[in-house]
Each structure stands twice: as C-alpha cells, then as structure tokens.
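Novice: Got a predicted model here, sequence first, then my questions.
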Amino acid sequence: MTTTVPPGTAASATGVPHSDVDPFAHDVLEDPLPMHAALREAGPVVHLDRYDVFALARYDDVHAALVDWQGFQSSAGVGLSNFRYEEPWRPPSLLLEADPPRHDAPRRVLQKVLGPRALRRLREGWAADAELLVDEVLSRATAFDAVAELSTAFPLRVFPDAVGIPKGGRERLLPYGNHAFNAFGPDNDLVAKGTPRVAELSGWVNAQCQRDVLSPAGFGADIWAASDRGDITPEQAPLVVRSLLTAGVDTTVHAISAILYAFATHPDQWQRLREDPSLARVAFDEAVRWESPVQTFFRTATTDVRVHDVLIPEGSKILMFLAAANRDPRRWADPDRYDLSRDPSGHVGFGMGIHQCVGQHVARLEAESILTALARRVATIELDGPPVRHHNNTLRAWESLPVRLTLG
Amino acid sequence: MTATTPARAPLADAVASLRVTGKQVQADGVLTLELAAPSGNRLRDWTPGSHIDLILPNGLTRQYSLCGNRWDATTYRVGVLLEPGSRGGSAYVHEQLQVGDLVGVGGPRNNFPLVPSEQYLFVAGGIGITPILPMVHQAELLGADWRLLYGGRRRSSMAFLDELAAYGDRVLVRPEDEYGLLDLPGFLGAPRDGVRVYSCGPAPLLAAMERTCAYWPPHSLRVERFVADDAGAPARIAPFEVELARTGTTVTVTPDVTVLEALNRVGIEVLSSCRRGVCGTCETTVLAGRPDHRDALLDDDERQADDCMYVCVSRSRDERLVLDL
C-alpha cells in the first residue's frame, strides 16, 4: 500500500475524499486489505483520481448500489471500460452486462436452469465424485498443492459435464475466465498478458456454446430448450451458455481455494466442521465473505446519483469493493476473523439484487460436496510452505496452496 | 449464532407488510391500490406480467397483476375489479381497505413473462389490461413493433384509457356496446413467424384467442387466466409453531417476525442471502404442514407440492409446520 487516504486531508474542490491509489497494481492485488480499510475510513464515496471513478467500500453503500439497477446500470459495462464510448473486447454478456428490460428473459431462464430445485438431480453424483477425487488425491500423497489437486480438479471434473461440453479442450476454460475477469480492470500488464490468446480461447469457448456441440442433457441443453419454447431467442442461447463458461469456473476454483486456505490457517474451525459437517454451507459462505473471490464490480450512473452528500455525475463509473464491504466493521463484528459461528448471510460476495450470481447454488453444491468428502477423511489441514497469490484485476486467488493433511 | 453479528442485518421489511398509500377509482368498478413499504425502502423487483399475492387483513389471499412502473422501486400498483358475488376479496378491497392499512404481500411471481420478440400483439379484455399495461410500456422501450386490442363492456368500465392514449394508434379501444365482440381474426391477421401474442381477460376471450391462434406457430400465443378465488386455507394471521424435526425444538412464530428470524433467535442457523424470497439460498425442506408461500421462486405446481419453503419470507397456513432442520 503506497497510498493512504487520511480522512479530511485529501479532499477535492468538491469536498469528495480522493485518492491516487491503483487498486489494480500488483502490490495492492497481493494484499488489498489495507487499501480496503483506508477507502472505508476515508468516506462513503472516494474519488479514485487515477481512473476518474467513484469508489464505494462500505457495506451499506455497496449493498445499496448493487440492488439499485435503476440508478446504477450494468449495460455500460461492469468493468472500468465504459461501453458508451469504448468497444467491448467481446459481445457483451446478456446477463452481467445488461439492464432491464433486456436482462429479464435471459436471467429468468438461467435462474431456473441453475435453481436449487434443478440442482437436486446433481447432488448425489457430485457427492460421489468428490469422494472419488479425495480418495484418489489422498492415495497419492498427504502433502500437495491444494489449488491443483482439489480446488481446480473438482470444479473441472463436475461443472463442464453439468454444462454438457465435450471433454477435449477444457484446459482452455481457466485461461478464458481469467482473461475475462482481468478485462474488467484497466488495460494493464495482466490484460496484455492474456491478449495474445483471446482469439483462440474465444473461438473455442464460442464453439462450445453451439447446440450441436452440447450434450443432450445438461445446463447447455436446458438453455437451448428454453429457446425452443421462445423464452429466449435462438440468437441469445449461445451467449447465455457462454455466461456459464465464463463465470462458472475460475470463480468456484478460487472460492474453494479460499475455503481450504481458511481451514489451513484456522485449525479450530476445521475441527468444528468435522464435528458438525452440516456447517459446510455456512463454512463456504463465510469463506466467500472473508476472502471475496470476486473483489470488485463497476456500475455506471444513469443519472446524477446522490450517495450520502456526494453527487456522482451521470455517466460516471462507480467501483464497488465487494471485498471491502464484506469486512466492513460497521456490518460485521470482528470482520477479519474466519468464524463458523458467524452468520455470513447477507454478504455481497455473490453480489446482490437482480445481478446476484445466478450460479451461487452451483458453487455452494460444489463446495459442500468437496468439503463433506474431505471432512470425512481428513483430521487436520495445515500449510506446508508459503502459499502464492495469483493476481487478477477482479479475482482474489491463489496460484498455489501447499498443504499437509493428516488422516483420521 | 447471532452472537458475532451486529443486529444491523437489513431485515426491516422482511415480514413483507406493505402500506396502502393510494386508492384511486380508475373506471366503473375498477380501482387501483398503491402499496409501499412502511420504511419507504425498495420493494422486491418485478417484471411485466408479474403478480403479487395480497394477504388482506381479513385473512383472504388474492392475486393481482402489477401494473405500475418498475423504474419506481418503492411503489407497487395493482388494479382491482369489484367482482359481483365476491366472497370477500375484491369487495373487501373496494369497500373496507383504507389508505394507511397494512396488507401482507407474497411474490412478485411471474407466470406470464414477456419474452423477446421484435413484434407483439396484445389483446386485453376488461381487467385483463392490468398485466398488459407494463408490457406495452416495455415493448415501447425496446423499440418493438406492437399493437394492443383492448375490449370491455363499455368505455366507462375500461381502466387506464388515459394512460394508453399516449401510445396513439398502436392501441385500439373497442368497447362492446360500441363495436360488438372483438374482431380477433381481423386484429391478428394471418398466422406468421416472429410474432408473440399476449392475451389476458375473461375465459371466453381466452378460448376465442386459442381458437383464432390454432394455426399459428407453437408458442406464439401466451395467455394469463384470471385466477379463481383462492380455494386453499387462508393465511394465518395468528402465531404458528415450527417444529424442527432434527433438533426436536419447537419455535413459535409471531406475526411480527419471519420464520428465519424466529429460528435465529433460538440459535438455529439457516443460511440466507437476499432475505426477500428471491435468491433461493434459504430453501428448507417441509416435512408436514402447508406453507404460506410468499417467495418469488416457486411456480404454482411447486407451491402445491408443499415440500419446501423459503423461510426468509414464507410463513404457514397451518397451526404447525414441521421442517427438516
């Protein structure tokens, strides 16, 4: 953290606290918590001079902006880029980068396809898959990189099958998602690093969204079936499938890494989970609150919006720090503690409102499956070396997480 | 389990009681109610075609289409026809319900969504105009090609004519005493692709629509039937008990708290997120008893199964619910 925002000392002519911090610089991505705290303390709205955006970091204000789709639009892009003036790097998402009324039909379709009731048929299979994976991993070693062996392996084992894409080429899913989440940030070195492969990855992903490529049963087929009923158009169907492939892989991988890191550093909480495996869902949401795998999203003001006594001019970009909101002491007692006795309900790690993560029930089921399988066999989890962060403009992630387990 | 959570969770409107903030006559026998949260907070989001369940102070539950403007996040508007022979629903709304009264609300739910199309034809009969009104607004916003045929007994019984006048000749107003029965074949024209036909109104109109559209491509016609008076048990205004099958505990839920809050108070954890019956996180299996579903997720068949409920908003029709907790 090279820049702090001392309250009251860095106010612009209009009285809005401001900062020259770069939330996308590598030192901040390595440890964003001090910046989050500084922004929360500086005021409800802080102008970030470097990008000319307005930042929200307090829970109440982030929550209010997330639910207010009328005042804070998504169709001008949910990254730094303003689609009113700039060409998006790919055709915009029909969900994430859309507002009512165009957002209505795709959202309604996907919400049903990924709804809790629709997932019931996957529960047993995923539980069995998780058992198998854990048995395989533990039969090889009890010290390993948990990112590779568990948090990447499990979602890639179950999710692409659930969507119904072919087996070949799935190694492209993570780099594609990684680039898509980098692309919400500024045009920095992280974006530059992904750009050479954009054409190849996009071409492959788009090809997987076509009806004749998808298996006859799965989320993808369900989406195409909705287009047969006219609930969405046949032109919309592949873009809705694309949303699954963009937003459904990296996010879950990093969320599972987050929970494994949480348990490796909070052994007492692992014991609690072992004693009461029904805490798996709470454990996962508490990890999503605590680590916020998706750190930020942007909105654009549809009109002059007043947040407390700050007037945000129409057309301005607003940067919502979900991660900072999830550790706001105004909302959460002892927010930095990973604590299974806490009720994490209401965290904004999945967003909130009409754009709230439509795949959240899928993510919870994946996490619950793998945690339940681990809790059955693993007595202790500890770090077996320094974990290494993976930097992404939007995601908080681990590159590697060396762990050592004892069985029992 | 609330020990470490400050009591600031945004639950203020969770019991979903709304206040009647406006009551206006729109036509002979038709009035609109405006509803808002007592706190003035945002209401749950909705889309054209949605309806809400109104739980009236007399315990009756009635469904009404939302016909306001969803860009106004703090107000709902519904249109209510005084039905001859009303068993206490519309008669209660017309004769007894006052501005300032509180009503319970479930939903919104949408069984009649406006699907994407470049061309729409709308046919409304009588009070069936209510779900159609926000649809034509939306079609206009989308720049779609649309027309509305609106019938009623006589001009003075037809609501929202002033609002519809803004759309000019896209709207055909055809009161029966002036024009006779609606000319559906003339309005709809020859069967063709690329058109979505929406209709809401009395059963004879919908039957005529189905006959007229029999040779249209599948899924061209979408209709919403007037919902018959709810035959189910009325919502409970009185407290009810929730028995937790796994823990053996019984919790009393009083009218001023949600089931979720009542569970939290005795230390039972149920993960939730939106706390508005929208996201589905707090889905809980129901082992016995009939829930009073107030969520925006379950469709009619799923509701009737009575095998799960969203405890952040839904309540009980019976004295006792047994949950798998």
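Specialist: Received it, and whenever you're ready, just let me know what you need.
Novice: Tell me the residues of the stretch 51-200 of chain B that contact chain A?
Specialist: Residues of the stretch 51-200 of chain B found near chain A (C-beta under 8 Å from any C-beta of the partner chain) are B:70-71, B:73, B:110, B:113-117, B:138, B:141-142, B:196. Where C-beta positions appear, they are placed from N, C-alpha and C, glycine not excepted.
Novice: Restricted to strands, list those residues.
Specialist: Under the assignment DSSP state E, those contribute B:110, B:196 to strands.
Novice: which one of the residues of the stretch 51-200 of chain B next to chain A is nearest residue B:250?
Specialist: Residue B:250 has its nearest neighbour among these in residue B:110, at 35.5 Å by C-beta to C-beta.
Novice: ok, longest helix in the chain?
Specialist: This is for chain A. helix A:120-140 (DSSP state H).
Novice: that's the wrong chain, I meant chain B
Specialist: For chain B, the helix that runs over the most residues, judged by DSSP H, is helix B:129-141.
Novice: buried ones in it?
Specialist: B:129-139 (16 or more other C-beta atoms under 10 Å in any protein chain shown).
Novice: Number of residues surrounding residue B:54?
Specialist: Residue B:54 has 26 neighbouring residues, counting by other C-beta atoms under 10 Å in any protein chain shown.
Novice: pretty sure residue B:23 is in contact with residue B:95, am I right?
Specialist: No: applying C-beta atoms under 8 Å, one finds residue B:23 not in contact with residue B:95, separated by 11.2 Å.
Novice: thinking again about what came up before, show me which residues of the next helix or strand after the longest helix of chain A are buried.
Specialist: Note on helix A:120-140: by DSSP states H and E, the next helix or strand toward the C-terminus is strand A:143-145. Judged by neighbour count (16+ other C-beta under 10 Å), strand A:143-145 contains these buried residues: A:144-145.
Novice: what does strand A:143-145 contact?
Specialist: Around strand A:143-145, the neighbours that count as contacts under C-beta atoms under 8 Å, 6 or more residues apart in numbering or on different chains are A:137, A:384, A:400-405.
Novice: Same question for stretch B:206-216.
Specialist: Residues outside stretch B:206-216 that contact it (C-beta under 8 Å, 6+ apart) are B:123, B:182, B:184-185, B:188, B:191-192, B:195, B:197, B:199-200, B:220-221, B:223, B:225.
Novice: change it to 6 Å
Specialist: B:184-185, B:188, B:191, B:199, B:221, B:223 (C-beta atoms under 6 Å, 6 or more residues apart in numbering or on different chains).
Novice: Chain A: which of the residues you listed is nearest?
Specialist: Among these, residue B:221 lies closest to chain A (C-beta to the nearest C-beta), at 10.4 Å.
Novice: so what pLDDT did residue B:59 get?
Specialist: For residue B:59, the pLDDT comes out at 80.
Novice: how about it, phi and psi?
Specialist: Main-chain torsions, residue B:59, degrees, to the nearest 10: phi 90, psi -10.
Novice: can you count the residues close to it?
Specialist: Residue B:59, neighbours per other C-beta under 10 Å, totals 14.
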